[in-house]
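Student: structure, please.
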Amino acid sequence: MKLLILDRDGVINQDSDAYIKSLDEWVPIPGAIEAIAQLSKAGWTVAVATNQSGIARGYYPIATLEAMHARLRMLVAEQGGEVGHIVYCPHGPDEGCDCRKPKPGLLQAIAEHYQANLEGVWFVGDSQSDLQAALAVDAQPVLVKTGKGERTLEKGVPASTLIYDDLAAIARALI
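Tutor: Model prediction:
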């Protein structure tokens, strides 16, 4: 299995420091939907691992999050592709869960779902917590410059991090 794991906000869709709280605020980054579809059609399983503390903060209900993910699946399907397993952490940063990145719980859940070893699997994110989560499971950290990616890059990233402009560039590299 060729597995690729993506963070959501800032990688697939526009991010906001005020959180993505509604379906109207969930806006794909140009080229991202097409990239996921192309990867899927080329035999990649594209999974998503996303922190969603806005749920714990009361900014939006799980039903809204599920509607965003349904739209993601629909848009990718319209391009002839498929989105794999989507996992999310609904907890706030102080709740002490094992799933909130940089902890590895979300990535471990994807590995368990697919009965896959994550060693060397690309985990694409735009934040330091994404890169740290990848390293925690021996996955390959990959940074995109979209979302918070430029800010993350300025602060420094682990030496093993691969860096791409956006998800479309990653699709071109992998296909």
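Student: and what about residue 72, helix, strand or coil?
Tutor: Each residue gets one of three states, and residue 72 gets helix by DSSP: H, G, I helix; E, B strand; the rest coil.
Student: could you find the closest non-adjacent residue to it?
Tutor: Excluding its sequence neighbours, the residue lying closest to residue 72 (Cβ to Cβ, 6 or more residues apart in numbering) is residue 83, at 5.9 Å. All C-beta spots, glycine's among them, are computed from the backbone N, C-alpha and C.
Student: wait, doesn't residue 168 sit right on residue 34?
Tutor: Yes: look at residue 168 against residue 34 with Cβ atoms under 8 Å: they come within range, at 7.0 Å.
Student: which phi and psi does the residue nearest to residue 72 have?
Tutor: phi -100, psi 130 (degrees, to the nearest 10).
Student: what segments of this protein are strands?
Tutor: Applying DSSP state E to the chain gives strands spanning 2-6, 44-51, 86-89, 122-125, 140-144, 162-164.
Student: which of these sits closest to residue 25?
Tutor: strand 44-51 (14.6 Å; Cβ to Cβ).
Student: what angle separates that closest one from strand 2-6?
Tutor: Here the directions of strand 44-51 and strand 2-6 differ by 30 degrees (axes from the mean of the first three to the mean of the last three Cα atoms, to 10 degrees).
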